[in-house]
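Undergrad: I would like to see how this sequence folds:
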Amino acid sequence: MQVRGLLLLLALMLLAATTEAGKNKKEKVKKDGSECEDWRWGPCIPNSKDCGLGYREGTCKDESKKLKCKIPCNWKKRFGADCKYKFESWGACSTQTGVKTRSGILKKALYNAQCEEVVYVTKPCSSKIKSKSKGQSPQ
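TA: Predicted structure coming up:
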């Protein structure tokens with residue numbers, strides 16, 4: 001019976017210690033971080049050229065911050081690096097224009113970016129005819 005009491009007391013002490021440690025971590029974050037909650041972030045500005053590592057500036061009341069960011073070099077410049085879209089499959093090739101089209105629906109707008117809900121992209125049709133049987137001889 002004394003063993004159960006001892007184990008119960010030990011468990012309570014351990015629970016109290018972990019709760020206190022959690023409180024200390026939260027307090028440290030408050031001291032180091034900003035109390036402002038309404039940050040407005042600008043676009044990611046690359047350090048050189050039009051893609052790669054860069055920074056974005058944010059303001060909140062009288063405070064300002066800079067965050068590191070990265071613009072992928074294969075991004076769709078027209079949509080902005082902070083607008084993420086879910087694209088459908090490519091449509092059929094138009095014989096009149098020689099391009100195919102697909103649409104994308106907004107999935108996520110990072111840093112409160114102003115993004116279009118639906119976007120359309122086109123690309124030239126492929127002039128190659130893809131063969132379905134690779135490495136097999138006709139029988």
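Undergrad: what residues does the helix or strand where L106 lies touch?
TA: L106 is part of strand 99-109 when elements are defined by DSSP states H and E. Identification of contacts with strand 99-109 by C-beta atoms under 8 Å, 6 or more residues apart in numbering yields 79, 82-94, 115-125. C-beta coordinates here come from the backbone N, C-alpha and C atoms, glycine included.
Undergrad: the helix or strand just after that strand vs strand 99-109, what angle?
TA: Note on strand 99-109: by DSSP H and E, the next helix or strand toward the C-terminus is strand 118-124. Per axes from the mean of the first three to the mean of the last three C-alpha atoms, to 10 degrees, the angle that strand 118-124 makes with strand 99-109 is 150 degrees.
Undergrad: and strand 118-124, which residues are buried?
TA: When burial is assessed from 16 or more other C-beta atoms under 10 Å, strand 118-124 yields the following buried residues: V119, V121.
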